[in-house]
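Chemist: fold the following for me, if possible:
(2 chains)
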Amino acid sequence: MTFRLRTVSTTADGRRIVRDKDLAQDVLTVGRAAESDIHLPDLAVEPNHARISLHASNRVAVEATGSLGFVLDGQTQRSASIDPRTGGELRFGSTRILVGNDSGVVLLTVEPVAEGDDHDDEADGMALAAVLPGKRRLAWILAGLILALFLALPIASNLLRSPDIKQSHVVGDGSWTPGPLSLAHHQLEARCEACHVKPFQSVRNETCMSCHKGVHDHAPETRMSLARAEPGLGGRMLNGVAHAFGKEGPGACVDCHREHEGLAPMAPPSQQFCADCHGSLKDRLTDTRLGNAADFTRLHPQFTPMVMVDPASGLARPVSLDANPHENSGLAFPHRLHLDPRGGVAKMAATLASERGYGQNGLSCNDCHRTTEDGVRFKPIMMERDCEACHSLVYDKIGPTLRKLRHGDLAQAVADLSVAGNTTEPVVTGRARPGAFGANQLYFAQFSRLVGGRLVSSMLGKDGICGECHTPTMKNGQTAIVPVRLPARYMANGWFNHAAHKQTRCTECHAAPASSSSSDLLLPKVAECRTCHVGEQEPGLFAPKGKVPSSCAMCHAYHPTGAAPPLSRHDKH
Amino acid sequence: MASTPAPRGAHTGRKISADHEGFLRHRHFRWLKLAATLCVIAILAYLMVDVQPRPNGGSWLGYILGTIGAGLIVWLSLLGLRKRAMTQGAWSLKAWTSAHVYLGLSLIVVATLHTGFQFGWNVHTLAYVLMMLVIASGVWGIAVYASLPTALSANREELTREQMIEGVRAVDRQLHAAAQPLGREQAELVQAALEEDLFAGGFIARLSGTWRNCSTARAIERFALAGTDDEAASKVEKLLIRRKAQLDRLRRQMRLRALLEVWLFIHIPATIALLAALTAHIVSVFYYW
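Modeler: Next up, the predicted model:
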């Protein structure tokens, strides 16, 4: 049983000296003590550090004999068994002992650890930092890219653009858009500078009005500034920020018309924009005619339609429906006359039903009142179209030809009738059924006998043909009639769309069948509208079911252009 | 006996346990409570304030939330400076870190409400995404710091990093000696294994723990296939297997280290990028407004 001890040392000039020594013993001691078999003069080694022994199984056992262990293949241990054929590397302090096999003999190569071997250059290679660019470098690169692309580039491009808006082209500001423009402004997408003219200056009214030339002010600015309520804390803060950054307003275009809210029609402003002034308008604008309005359900004044007071001159006055006003449109008959299903008119209409399209139960509203093409309102009544089917103005017949009075031209009618006496045949004798005297036929007009000048006066009289609809009057000492003046719009500042209410019968709002006087104003009051319409403010959870949420913009337009209000315009039906 | 020293053990024990309270539990979750209160107030304000036409960052509530958010972001990023100075007390680094974590989490609520849930392909959403990335990486960081060190230390088996590397180097020296009698083909395999960089694995390899093209593994495979009964070759094969075991432990360690450290490589650069995007966001909003 032999150990072969191979000692490797290096001379000062780097030459390696290798000495072999065979030790014919089973156990070798390792230590700093001079009597050790392997003597290691190293303070990191104990005097009796370890014992290396050879076993029968031809394995080498290493045991620490002192209080310190030894290192085998990089790991500190106190005892180990090594197969010399596979080998192992022991380390004691700064000396390395390689266990190996040399032609059947256990070879122990003792070699000092070279200076600098302990300092592994790759010691930090285990950290992730070894394979990634430094955090600081990564940070500066990213931040630099972002600042360059999303800040420096758009600003430089904006500052250096051509002053001519048609030629200008700003690069990179697409990354600034907070959202798509509305449908109306969609063509301005990617042309930010068209509206954002100057840096750090909000979109100005003058910029909006360079295209929107026909826009009128809601009211004189002096009155509007008086009318505005003091905003709440949040509003004051917003105004403060706006003021600090040179924003126009309050009352600037952009205060109500918010852009970049999505590719859709621009949403009409909420009723709060109106209520800010109108909710308590009377407190600040004491001379206003307008009642306070903040929410259709909670605070909205009674309707104030223009009520005709003098049909001859066309004079109309705004009167609240609360005063139960009567109108004087010059009309001679009440609506019930035409709508009573058991009256004579209904019977006549039933007779004419097949020819004229009337219902079997008498006349209905749209037999006389025709809707406009858009369905919003009604066409003015035209005698020839809407009345003459029953109320014929034929007064004479010459051969097959019928002679008619001209409606709307009193002087002509009088002149025509003045010579009517020349005819030899009486027009009609006795009452005949109206069906035979339709628009182009004869109708029994309640003329007296065709005798000289009396004809005219009987025509214009209360029981005459004109008196059926018109009120007789005297004009310049002559008998005359009052024209019937029915307003096309009772409420000029409110928008009512009849088409939107198609599924409702006329009589639910207009009490025409029961109207027994022509002076009845057949308009519904605000309470009737409220049976279906509720203000916008009703919060979601407590919103009444089956009601129509209605903000101001459903009936009112802010800019007095006469156009339909925004909400009504967006209503496709 | 006025000078009798107070008995120490029990008292210091309690004091020590207080000192070891982590930054998450600091002062009975003081900052968690504060941050939660901030979130609740922000959510209530968002629900109660009716911003027209729809919630957005330009309303007065949006300005407030945005200002709070921007202030928080700047303050949170200052931890990078603050952490270099350790102090004790109410404004200790631990208190600061606790606040950093919880106020950082509250940014999820504050900043999301500031957006009014309006997102798009723009610098504003970029800032938001970067912020969420910073927060997510921070959450990841806390999670791995809570769970991975145990695994890291279990894998290490009380070895230092140097010992682990030295272990491989020790096997390498033996391999080099043992491979001397081998033929050219096998010697080349050993040579390739010895030349292999211990830390060769890239970012992906380290995170996933899959190490392709491992020369040691390939050499073991070839030696096994050759099935030689040559003594030198079988010694080399055994050494190669030992090397592989050492290498595996080293690589597991690298993977755990990567998992542990990767969050900072996102957290820090994304924070600086966020500060840049935030600047671009604020300037651009007022440049075009």
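Chemist: list the contacts for A:N366?
Modeler: By C-beta atoms under 8 Å, 6 or more residues apart in numbering or on different chains, the contact list for A:N366 reads A:C506. Quick note: C-beta positions are derived from backbone N, CA and C, even for glycine.
Chemist: quick check, it in a strand?
Modeler: No. With DSSP: H, G, I helix; E, B strand; the rest coil as the criterion, A:N366 is helix rather than part of a strand.
Chemist: that one and A:G359: what is the separation?
Modeler: A:N366 sits at a distance of 10 Å from A:G359 (criterion: C-beta to C-beta, to the nearest Å).
Chemist: please apply the same query to A:I481.
Modeler: 30 Å.
Chemist: more neighbours: which of the two?
Modeler: Under the neighbour definition other C-beta atoms under 10 Å in any protein chain shown, A:I481 and A:G359 were set side by side, and A:I481 has more, 22 against 13.
Chemist: look up how far A:P112 lies from that one.
Modeler: Note on A:I481: its distance to A:P112, by C-beta to C-beta, is 137 Å.
Chemist: go on, A:A332?
Modeler: Applying C-beta to C-beta to A:A332 and A:P112 gives a distance of 135 Å.
Chemist: what does A:A219 give?
Modeler: From A:A219 over to A:P112 the distance is 102 Å, taken as C-beta to C-beta.
Chemist: then A:C506?
Modeler: 116 Å.
Chemist: can you show me the helices along the stretch 1-150 of chain A?
Modeler: Listed in chain order, the helices of the stretch 1-150 of chain A (DSSP state H, counting those that start in this stretch) span A:135-147.
Chemist: neighbours around residue 160, how many?
Modeler: Using chain A here. 10.
Chemist: correction: the question concerned chain B.
Modeler: 11.
Chemist: need phi/psi at it.
Modeler: Per-residue torsions, B:T160: phi -90, psi 170 (degrees, to the nearest 10).
Chemist: how about the nearest residue to the residue in the stretch 151-289 of chain B that chain A sits nearest to, chain neighbours excluded?
Modeler: Nearest residue of the stretch 151-289 of chain B to chain A, counting by C-beta to the nearest C-beta: B:G167, 2.7 Å away. Of all residues not flanking B:G167 in the chain, A:G74 sits nearest, at 2.7 Å (C-beta to C-beta, 6 or more residues apart in numbering or on different chains).
Chemist: could you do A:A24 as well?
Modeler: A:T2 (5.0 Å).
Chemist: what ranges in chain B fall below the confidence cut-off?
Modeler: Residues of chain B that meet the criterion pLDDT under 70 lie in B:1-20, B:88-90, B:228.
Chemist: looking at the stretch 1-150 of chain A, which residue is nearest chain B?
Modeler: A:G74 (2.7 Å).
Chemist: which residue packs closest to A:N497, ignoring adjacent ones?
Modeler: A:V376 (5.0 Å).
Chemist: what's the following helix or strand after the helix or strand of chain A with the lowest mean pLDDT?
Modeler: For chain A, counting by mean pLDDT, DSSP states H and E, helix A:454-460 ranks last in confidence among helices and strands (a mean of 65). In the C-terminal direction, the helix or strand that comes right after helix A:454-460 (DSSP states H and E) is strand A:472-475.
Chemist: anything in stretch B:207-226 near chain A?
Modeler: No. If you take C-beta under 8 Å from any C-beta of the partner chain as the test, stretch B:207-226 misses chain A, and the best it gets is 8.6 Å.
Chemist: and that stretch, how far out from the chain's middle?
Modeler: With C-alpha atoms, centre = their mean, to the nearest Å as the basis, stretch B:207-226 stands 29 Å off its chain's centre.
Chemist: over to stretch B:250-269?
Modeler: 6 Å.
Chemist: which residues are contacting that stretch?
Modeler: Under the criterion C-beta under 8 Å, 6+ apart, residues A:126-129, A:132, A:135-136, A:138-139, A:141-142, B:80, B:133-134, B:137-138, B:140-141, B:144-145, B:148-149, B:151-152, B:155-156, B:161, B:164-165, B:168, B:198-199, B:201, B:203, B:206-209, B:211 lie in contact with stretch B:250-269.
Chemist: quick check: the residue of the stretch 201-350 of chain A nearest chain B.
Modeler: Nearest to chain B, among the residues of the stretch 201-350 of chain A, is A:G234, at 3.8 Å (C-beta to the nearest C-beta).
Chemist: what about that residue, how many neighbours?
Modeler: Neighbours around A:G234, by other C-beta under 10 Å: 16.
Chemist: secondary structure element holding it?
Modeler: Using DSSP H and E, A:G234 sits in helix A:233-244.
Chemist: show me what that helix is packed against.
Modeler: Identification of packing neighbours for helix A:233-244 by 3 or more C-beta pairs under 8 Å, 6 or more residues apart in numbering or on different chains; DSSP states H and E yields helix B:60-77.
Chemist: helices or strands up against whatever helix or strand the residue of the stretch 151-289 of chain B closest to chain A lives in?
Modeler: Assigned by DSSP H and E, B:G167 falls within helix B:161-178. Using 3+ C-beta pairs under 8 Å, 6+ apart, the elements in contact with helix B:161-178 are strand A:75-77, strand A:88-92, strand A:95-102, helix B:184-195, helix B:231-287.
Chemist: that helix vs helix B:231-287, what angle?
Modeler: 140 degrees (axes from the mean of the first three to the mean of the last three C-alpha atoms, to 10 degrees).
Chemist: list the contacts of helix B:161-178.
Modeler: Against helix B:161-178 from outside (C-beta under 8 Å, 6+ apart): A:71, A:73-76, A:87-89, A:91, A:98, A:100, A:118, A:120, A:122-123, A:126, B:156, B:159, B:190, B:193-194, B:198, B:232, B:235-236, B:239-240, B:242-243, B:246-247, B:249-250, B:253.
Chemist: likewise for stretch A:2-9?
Modeler: A:16-25, A:28, A:37-38, A:52, A:54, A:102, A:105-112.
Chemist: for it, give the mean pLDDT please.
Modeler: For stretch A:2-9, mean pLDDT is 87.
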